[in-house]
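Chemist: Structure for the following, please:
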Amino acid sequence: MKKKMYFITIILIITITAGCSKPPIIDTSLSEETISESTPEIPSTMEKVIEKETKEEQNESFESDVLVAGESITEAASQNPISKPTTYPAEKQPPDAPEKSTTQPYPPPPESSNPPEPTVPAYTKKDFDEIIAVVREYAEIQTKLKFIWDPTLLMNEFSGWHDTPNLNKRGKDGIIRTLKYNVDLTVDVLTNPANGIISNTVHYNIVWYEINGETFFVLLYG
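Modeler: Below is the predicted model:
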């Protein structure tokens, strides 16, 4: 019995040993083309060296171009320090760009700096009559001296007067004020004892006349 078991054991060992040493079975159904496509190419050491040298040459060429371009820009800036201003299209103006003014900075000077001459009003006989009427009313309300209207009194050596105001220079109101003042002077002259014999009444007349286009008034008394 022991011999039989020993024999079976040796057969098993031989069988197991033979199965382990059997060469692997290779599937030849895969073609060489499939194997080459599935396996990535690995560059050789020489190809890596060539690729490295090519990259270094490209870097050196780029650096050289940059230096040449920098020297050209520096040389151009030294020859023309004032650079040309940047221009923008009309629709792309920068936000802070001032608008171009189309108006003149100063208005043109006037043709003449002399002020216009004042227009002299044209007086008529109606104005003359109004002046005489206002002054007559003022003279005939005097109490110290009675004024008697005498249109025959003329400007001669027998009549007296104080001044001859100019209507064109003093105007209508100015003439009235001046003739009223002459009424006051007449009252003072004829009622003041220091001037001689005093009077209670006086004949008077107001006339006007023209010289060189200007009108003058005068209060006559006598």
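Chemist: The nearest residue to residue 180 once chain neighbours are set aside: what secondary structure?
Modeler: Nearest residue to residue 180, sequence neighbours excluded (C-beta to C-beta, 6 or more residues apart in numbering): residue 138, at 5.1 Å. For glycine as for every other residue, the C-beta is placed from the backbone atoms N, C-alpha and C. Three-state call for residue 138 (DSSP: H, G, I helix; E, B strand; the rest coil): helix.
Chemist: and residue 138, how many residues sit next to it?
Modeler: 14 (other C-beta atoms under 10 Å).
Chemist: pretty sure it is touching residue 184, no?
Modeler: No. Using C-beta atoms under 8 Å, residue 138 makes no contact with residue 184, being 9.2 Å away.
Chemist: Show the model's pLDDT score for the residue nearest to residue 180.
Modeler: Listed pLDDT for residue 138 reads 97.
Chemist: Listing request: residues of the chain with sub-threshold pLDDT.
Modeler: Applying pLDDT under 70 to the chain flags residues 1-7, 15-120.
Chemist: what secondary structure does residue 187 sit in?
Modeler: Recorded secondary structure, residue 187: helix (three-state DSSP).
Chemist: so who does it touch?
Modeler: Contacts were defined as C-beta atoms under 8 Å, 6 or more residues apart in numbering; by that measure residue 187 touches 142, 144, 145.
Chemist: State the distance from it to residue 212.
Modeler: Using C-beta to C-beta, to the nearest Å, residue 187 is found at 33 Å from residue 212.
Chemist: now do residue 178
Modeler: For residue 178, the distance to residue 212 - C-beta to C-beta - is 20 Å.
Chemist: same thing with residue 148?
Modeler: In terms of C-beta to C-beta, residue 148 sits 33 Å off from residue 212.
Chemist: do the same with residue 132
Modeler: Noted for residue 132: a distance of 22 Å to residue 212, by C-beta to C-beta.
Chemist: and residue 148 and residue 212? which has more neighbours close in?
Modeler: Taking other C-beta under 10 Å, residue 148 and residue 212 do not tie; residue 148 has more neighbours (13 against 4).
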